[in-house]
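**Q** using only what follows, build the 3D model:
(one chain, ligands or ions: 1)
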Amino acid sequence: MELYELTIHELKSLLVRGEVTAEEVTSSLFERIRKLEPKVAAYISLSEEAAMEQARSWDQRGYQDTTAVIAGVPIAIKDVLCTKGIRTTCGSKILANFVPPFDATVARKIKEAGGILLGKTNMDEFAMGSSCENSAFGPTHNPWDLNHIPGGSSGGSAAAVATDESIAAIGSDTGGSIRQPAAHCGVVGLKPTYGRVSRYGLVAFASSLDQIGPIAKDVRDAALLLNVIAGYDHRDSTSVPTEVPDYQQSLVEGLEGITVGIPREYFIEGLDPDVERAVKDAVGVLEALGARAIEVSLPHTEYGVAAYYIIAPAEASSNLARYDGVKYGLRSRERKTLMEMYRKSRSEGFGAEVKRRIMLGTYALSAGYYDAYYKKASQVRTLIRDDFLQAFKQCQVLAAPVAPTAAFGLGEKVDDPLQMYLSDVFTLPASLAGIPGLSIPCGFTSQGLPIGLQILAPHFHEGLALQVGYNFEKNTEFHQKRPPL
Ligand code: GLN
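**A** Numbering: from 1, shown residues only. The predicted structure follows:
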C-alpha cells in the first residue's frame with residue numbers, strides 16, 4: 001500500500017505509532033499530484049512549501065500527547081473558502097488574484113486540528129454548476145473516465161480524494177455540490193444540516209442554502225472530519241448553538257430498529273436503469289442488515305428544481321453585487337467613468353453561467369415580479385421542507401439516488417443550462433429543506449462509472465445517516481475501488 005492511499009484514521013494510527021512521518025506522507029501526495037494533475041486537474045493552487053513545513057513541524061512535535069484530531073493529516077480545501085495568504089479564486093477570473101487576509105472558520109479549525117493544507121481545489125465558478133466545467137481555470141476530469149465530468153461544483157475536491165491526490169477534502173454544498181461530485185467520483189460526501197458548520201469565510205453563493213462539509217474515502221473519515229469543522233461560531237449568525245455529538249459514536253454495527261423510507265418520487269422516468277438497480281440493491285443490503293424499508297412520498301419533489309433555480313440565483317445576484325472592481329478582485333483597465341468601471345469589471349470578470357444567474361436573480365427580485373417568483377418559490381420551499389418532516393414521522397432516514405445518471409460527458413450539457421439544472425433534481429430538495437445528506441458509493445454502471453446512494457436524515461441527525469452509511473460500507477466493497485489511472 002502506498003502512503004497516499006491511506007485514510008485519515010489509518011494515517012492517524014500510523015503517525016501515533018511512529019511508523020510514518022507526516023513529511024513522508026505529504027511528499028508522497030505531492031509526488032502523486034505531480035503525476036496525475038496533468039490528466040485530472042483537481043487543484044487550482046498548491047501550497048507545497050507551506051505544507052512540507054507544517055508536516056515537519058508536526059513530526060517534530062510528535063503525535064503522542066496532542067488533542068489535535070487530525071495532526072499531520074494532509075487535506076485539500078475547495079477554493080471557495082478563504083485561506084489566509086493563499087489565493088482564493090472561487091473558480092472565477094474576478095478573484096483570480098485575491099489573497100484573503102483571514103482564514104474561514106473551517107480553514108482555521110482544520111489548521112488548529114493539525115490538518116496540513118495541500119492546496120485549493122477546482123470548482124464551478126462561485127459554486128454555480130454541476131460539472132466543474134464553469135471554472136475559469138478549466139474543467140476537472142472524472143478519474144474513472146477522463147472524458148467525463150467529475151460532478152460539481154466541488155468536482156476538484158471529489159476528484160482529489162478519488163485519485164489519492166489528497167487524504168480527504170472539504171467541499172461546499174448549496175444544491176448538491178458535495179453529494180453529487182462524491183457520487184460521480186466514487187467517494188463519500190456529507191452535506192451537514194444547514195447551520196451545523198460555520199459559513200464564515202465561505203465565499204457566499206446562496207446564503208440560505210450554503211453548507212460546508214467533508215469529502216472522504218470512507219464514512220469513518222467523513223464523521224471524523226465533520227467533528228473537526230462543526231459547531232457554533234459567533235461570526236456566522238446562522239450557525240446553530242447546539243451541542244455537536246461525537247460522530248464516531250454513531251458508527252455502531254447493525255441497523256435493527258431503523259426504518260428506511262424510499263421516496264417514490266425519486267424513482268421516476270429519466271432515472272438511469274443502472275442507477276435504479278444499484279440503489280435498489282443497496283436498499284436490499286440495508287434490509288439484510290436489519291433495517292426495515294418502506295415506501296414514502298415527498299409529493300412536492302417535482303417543484304424543487306424550479307424553486308431552487310429562483311431562490312439560489314436571487315440570493316446570488318445580491319451576494320455577487322460586491323464584485324464591482326472597487327475593493328478587491330479584478331478591475332477593468334478600460335474605465336473612463338465609474339459606471340463604466342463597474343460594468344466592464346463585471347463583464348470581464350464573470351463567466352457566462354454566473355452572468356446568467358445574476359440576471360435570473362435580479363429579474364426574479366425586481367419590482368412587480370417578486371411575488372410571482374421569489375415569494376412563490378419560498379412558499380414551495382416550505383412545502384418541500386414539510387414533505388420531509390412528514391416523511392420522518394414514518395422513518396428515521398431516507399434512501400435515494402444522488403443523481404439520475406452517473407457522470408455525463410464533458411461538454412454534453414454545458415451549453416444547455418436547463419438540462420444541467422435538471423440533473424440536480426435529487427439533491428436540491430434536501431438543500432431547500434436544510435436537512436443533512438450523505439452520499440456513499442453503491443455500485444457502477446455498465447460503463448464502469450461510480451453510482452452514489454443518498455441517505456437523508458432529519459435536521460441535526462447527521463449521526464443517523466453516518467450509521468446507515470457505515471453499515472452499508474462495512475458490508476460492501478464499492479468504496480475500496482479506485483479508478484484505473
Ligand atoms: N448544481 C447546483 C447549482 O448549480 C448546486 C451547486 C452547489 O451546490 N453549489 O446551483
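**Q** spell out which parts of the stretch 201-350 of the chain neighbour the ligand.
**A** Contact residues (Cβ under 6 Å from any ligand atom) of the stretch 201-350 of the chain with the ligand: F205, A312. From N, CA and C alone the C-beta is placed, and that goes for glycine too.
**Q** no, scratch that, I was asking about the stretch 1-150 of the chain
**A** So the stretch 1-150 of the chain meets the ligand at A127, M128, G129, S130 (Cβ under 6 Å from any ligand atom).
**Q** residue contacts, L117?
**A** Shown in contact with L117 (Cβ atoms under 8 Å, 6 or more residues apart in numbering): 47, 50-51, 54, 74-77, 83, 86, 107, 110-111.
**Q** give me that answer again for 6 Å
**A** Residues near L117 by Cβ atoms under 6 Å, 6 or more residues apart in numbering: S47.
**Q** check the secondary structure at it for me.
**A** Following DSSP: H, G, I helix; E, B strand; the rest coil, L117 is assigned to strand.
**Q** excluding chain neighbours, what is closest to V16?
**A** Spatially, and ignoring its direct neighbours in sequence, V16 is nearest to Y63 (4.8 Å; Cβ to Cβ, 6 or more residues apart in numbering).
**Q** number of residues surrounding the one you found?
**A** Using other Cβ atoms under 10 Å, Y63 has 20 neighbouring residues.
**Q** report the two of the residues of the stretch 1-150 of the chain next to the ligand separated the most.
**A** A127 and S130 (10.4 Å; Cβ to Cβ).
**Q** so how far is A230 from the closest residue to Y247 other than its chain neighbours?
**A** Leaving aside its chain neighbours, Y247 sits nearest to A223 (3.7 Å; criterion: Cβ to Cβ, 6+ apart). Separation of A223 from A230 (Cβ to Cβ, to the nearest Å) stands at 10 Å.
**Q** who has more neighbours out of the two?
**A** A223 (30 against 25).
**Q** in which helix or strand does T405 reside?
**A** T405 is part of no helix or strand when elements are defined by DSSP states H and E.
**Q** since we're on the residue nearest to it when sequence neighbours are not counted, how many residues are nearby?
**A** Leaving aside its sequence neighbours, T405 sits nearest to D272 (Cβ to Cβ, 6+ apart; 4.4 Å). Look at D272: counted by other Cβ under 10 Å, it has 16 neighbours.
**Q** quick one: D272 from the ligand, how far?
**A** 18 Å (Cβ to the nearest ligand atom, to the nearest Å).
**Q** ditto for A183
**A** Separation of A183 from the ligand (Cβ to the nearest ligand atom): 13 Å.
**Q** does the residue nearest to that residue when sequence neighbours are not counted count as helix, strand or coil?
**A** Closest residue in space to A183, ignoring its immediate chain neighbours: G452 at 2.4 Å, by Cβ to Cβ, 6+ apart. Classification of G452 using three-state DSSP returns strand.
**Q** who's in contact with G452?
**A** Contacts of G452 by Cβ under 6 Å, 6+ apart are A183, V402, S439.
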